[in-house]
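Visitor: Have a look at this prediction, sequence included:
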Amino acid sequence: MVRRALNCAVIPAVAVVVAMYGISPTRADAIPQAPGHRLVSHYDGSPATAEPVPGQAPPQHPFLAPNGRSGMHADAAGSATYPWSGPLGRNPEVTSEKIAALGGECATATFDAAGRLVTVCGTFSGFEVKLLDPRSLATLAEYRLPQRSSTVEAITSLDFSKIFKDTSGGAYFYLDDQDRAVLADARQHVLRLAHGQNPDGSWKFTVVDDWDLTGQVPHDCVSWTHLRPRGACDPLTSVMPDWQGRIWWVTRQGRVGTLDPATGALRSVRLEGEEIQNSFSVAEDGVSIVSDHALYSFRATADGTPQVQWRQTYDRGSGTKPGSVNQGSGTTPDLFGDGYVAITDNADDRMNVLVYRRGVDVPADRRLVCKVPVFGSGASTTDNSLISWGNSLVVENNYGYENLTTLVRGRSVVGGVSRVDVRPDGSGCDTVWESGIRSPSTVPKLSTANGLLYFYEKQPNAWGIDAWYLSAVDFRTGQRRWRRLTGTGPLYDNNWAPITIGPDGTAYVGVFNGIVAVRDGG
């Protein structure tokens, strides 16, 4: 999940006009380094040898781009795994692109059939869908989205937590089977955008479809021209297609709906008193959604109305922890193994990894496979999706991270990463290894082609230097193999954005001021 990525639009002063235009390729400046980058190690460890991890990839979704190219969590199952190798640490090179003067974080990154990046970046004036060259990071085309109401509210109230706890506005988008970006914008519309070239060779985005959901979703939202709304506003959080091609959507205030792209028909239900701040996962047997109260499996009835197949409550604790966006699970459900689904809870003392059987006919007393506590007492939470491969799950600890101001002046989080495996006979789960890696807020990833986990790491520094590293960890042992400095200072804080592995072996990280790329040297 995502989480709180693209929360960098913090100082806007003008209204945003929705625009569509093609532009010539432009190369922005590299992201500036803060003082101290010459005083810290630039590379530690040694190059790894690719050791593929055996196992079967999640089924390819018929309405998504191929696995690894389609969204924040890489595939419909939310596995956070890639079928190609990321960097092995051989003389790794770092490039970056500063997207905007203020903000510019590019979170979810997807890849079209030619390997170009399709991403959404948060700027001071709103979100932008961007097409980037995968090597130079040059901007080929962009499409500006409406500004989120949380940004206006933050400015007018001087309460910037409103931004950092908002996951709406397009951060959770996906690339479909025709390389089109599908997202929910801040106007409660679902857009489908294609990209292509003009006669002169420049690129542009074109709105192929625009579906208005305001008939289903309260939309009296704050804007610069509407500062005192009297009605309700319910932002759209995420969209994903099911196996029949319907586009499912969820809102922060617990609405779950479907959109038939062929007819435009809309259907929805409400989870009263529940909040949805994460994305969701899809398999042939249903749609898995987690609210701040329960894990759900949904299916659509004949007319498209969402119907609950089963519901499982979990320990949501007594409050929101530092490092969580709300009082509930911070994970997007992982669909993995032999019919399992996994999330984490929000238990007060120690967060637990929870694994359930997801069959419709599973008896209530057999639904739970295991409940495994992770990390230290009183310092345990995550607001990011798990990694799942085979019967294995990897979870990181985000306890203590709130936003990019949290870790300045050399501070870091308590950290921790654990691998938990479901036993082959399904009788429970075991902790395989624990690591002290401190990955404050990234959505980590696994390359199944080389057996490396990728984290975005920050260690405490007594001199007050804020040094950020891409770190590669052995999936089998939990040992760090190498790490490469990406930059210093808060502009290199990833602020909940994920790591993304490209088909050419590059690792991309959305950071507060833009995007960073790390690839093996020649």
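Guide: Looks like it arrived, so ask away. Numbers count the residues shown, from 1 in each chain.
Visitor: ok, longest helix in this structure?
Guide: If you go by DSSP state H, the chain has its longest helix at helix 149-157.
Visitor: helices or strands up against it?
Guide: The elements that helix 149-157 packs onto, with contact taken as 3 or more CB pairs under 8 Å, 6 or more residues apart in numbering; DSSP states H and E, are helix 161-164. The way it works is simple: take the backbone N, C-alpha and C, and place the C-beta from them, glycine included.
Visitor: strands paired with the helix or strand in which Glu105 is found, and their directions?
Guide: Glu105 belongs to strand 103-111 when assigned by DSSP states H and E. If you go by DSSP bridges, strand 103-111 pairs up with strand 117-123 (antiparallel).
Visitor: Off-centre distance for the strand it pairs with?
Guide: Centre-to-centre, strand 117-123 and its host chain are 12 Å apart (CA atoms, centre = their mean, to the nearest Å).
Visitor: which residues are contacting the helix or strand following it?
Guide: Downstream of strand 117-123, the next assigned helix or strand under DSSP H and E is strand 126-132. For strand 126-132, the external contacting residues (CB atoms under 8 Å, 6 or more residues apart in numbering) are 6, 9, 12, 16, 97, 99, 106, 116-121, 138-148, 151, 169-171, 173, 181, 183, 185-186, 193, 195, 203, 205, 515.
Visitor: Which residues belonging to stretch 101-118 are considered buried?
Guide: Buried residues in stretch 101-118, counted by 16 or more other CB atoms under 10 Å: 102-112, 116-118.
Visitor: contacting residues for Leu368?
Guide: Gln312, Leu354, Val355, Tyr356.
Visitor: pLDDT below threshold where in the protein?
Guide: Judged by pLDDT under 70, the chain has its weakly predicted residues at 1-28, 154, 156, 158-167.
Visitor: picking up where we left off before, quickly check the buried residues of stretch 101-118 for the two that are furthest apart.
Guide: Spanning the widest gap among those are Leu102 and Asp112, at 28.4 Å by CB to CB.
Visitor: on that earlier part again, I'd like the buried residues of stretch 101-118 as JSON lines, with distance to Pro503 appended.
Guide: Shown next, in JSON lines, are the buried residues of stretch 101-118 (distance: CB to CB, whole Å):
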{"residue": "Leu102", "distance to Pro503": "32"}
{"residue": "Gly103", "distance to Pro503": "28"}
{"residue": "Gly104", "distance to Pro503": "24"}
{"residue": "Glu105", "distance to Pro503": "23"}
{"residue": "Cys106", "distance to Pro503": "17"}
{"residue": "Ala107", "distance to Pro503": "19"}
{"residue": "Thr108", "distance to Pro503": "16"}
{"residue": "Ala109", "distance to Pro503": "12"}
{"residue": "Thr110", "distance to Pro503": "11"}
{"residue": "Phe111", "distance to Pro503": "6"}
{"residue": "Asp112", "distance to Pro503": "10"}
{"residue": "Arg116", "distance to Pro503": "10"}
{"residue": "Leu117", "distance to Pro503": "11"}
{"residue": "Val118", "distance to Pro503": "13"}
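Visitor: List just the nearest of those residues to Gly45.
Guide: Looking across the buried residues of stretch 101-118 and measuring by CB to CB, the closest to Gly45 is Ala109, at 25.2 Å.
Visitor: how about the helices in the stretch 301-450 of the chain?
Guide: Under the criterion DSSP state H, counting those that start in this stretch, the stretch 301-450 of the chain carries no helices.
Visitor: quick one: the longest helix of the chain to strand 117-123, angle?
Guide: Interaxial angle of helix 149-157 relative to strand 117-123 (axes from the mean of the first three to the mean of the last three CA atoms, to 10 degrees): 20 degrees.
Visitor: can you pull the buried residues of helix 149-157?
Guide: Residues of helix 149-157 classed as buried under the neighbour-count rule (16+ other CB under 10 Å) are Ser149, Ser150, Thr151, Val152, Glu153, Ala154, Ile155.
Visitor: now Gly104: how far from Val222?
Guide: 23 Å (CB to CB, to the nearest Å).
Visitor: so how far is the first residue of stretch 132-145 from its last?
Guide: In stretch 132-145, first residue to last residue: 17 Å (CA to CA, to the nearest Å).
Visitor: Likewise for stretch 99-113?
Guide: By CA to CA, the extent of stretch 99-113 from end to end equals 24 Å.
Visitor: and that stretch, how far from the chain's centre?
Guide: Centroid separation between stretch 99-113 and its chain, computed with CA atoms, centre = their mean, is 12 Å.
Visitor: same thing with stretch 342-354?
Guide: Stretch 342-354 sits 19 Å away from the centroid of its parent chain (CA atoms, centre = their mean).
Visitor: From the rest of the structure, what touches that stretch?
Guide: Outside stretch 342-354, the residues touching it (CB under 8 Å, 6+ apart) are 290, 295, 314-318, 321, 324, 327-331, 333-334, 336, 355-356, 368, 370-378, 380-382, 386, 388, 393, 395, 418, 420, 429.
Visitor: Go again with 6 Å.
Guide: Residues from elsewhere that reach stretch 342-354, judged by CB atoms under 6 Å, 6 or more residues apart in numbering: 290, 295, 314-318, 328-329, 331, 333-334, 355, 371-374, 377, 380-382, 386, 393, 395, 420.
Visitor: PyMOL command to pick out the buried ones of these?
Guide: A single PyMOL command selects the buried members of these (16+ other CB under 10 Å):
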select buried, resi 290+295+314+316+317+328+329+331+333+334+355+371+372+373+374+380+381+382+386+393+395+420
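Visitor: Strands - which of the contacts of stretch 342-354 land there?
Guide: Among those, the ones falling in strands (DSSP state E) are Val290, Leu295, Asp334, Val355, Lys371, Val372, Pro373, Leu393, Val395, Val420.
Visitor: Ignoring the adjacent residues along the chain, who's closest to the second one?
Guide: For Leu295, the nearest residue in space outside its immediate sequence neighbours is Gln312; the separation is 4.7 Å by CB to CB, 6 or more residues apart in numbering.
Visitor: before we move on, the earlier item: now compare the buried residues of helix 149-157 and name the two farthest from each other.
Guide: Greatest spatial distance among the buried residues of helix 149-157 (CB to CB): Ser149 and Ile155, at 10.9 Å.
Visitor: Output the longest helix of the chain as PDB, restricted to C-alpha atoms.
Guide: Below are the C-alpha coordinates for helix 149-157, written out as PDB (Å, rounded to 0.1, in the frame of the first residue of the first chain):
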ATOM      1  CA  SER A 149      -9.200  19.000  -1.200                       C
ATOM      2  CA  SER A 150      -6.800  17.900   1.600                       C
ATOM      3  CA  THR A 151      -4.100  20.200   0.200                       C
ATOM      4  CA  VAL A 152      -6.400  23.200   0.300                       C
ATOM      5  CA  GLU A 153      -7.600  22.300   3.800                       C
ATOM      6  CA  ALA A 154      -4.000  22.000   5.000                       C
ATOM      7  CA  ILE A 155      -3.100  25.400   3.700                       C
ATOM      8  CA  THR A 156      -6.200  27.200   5.100                       C
ATOM      9  CA  SER A 157      -6.000  25.400   8.500                       C
END
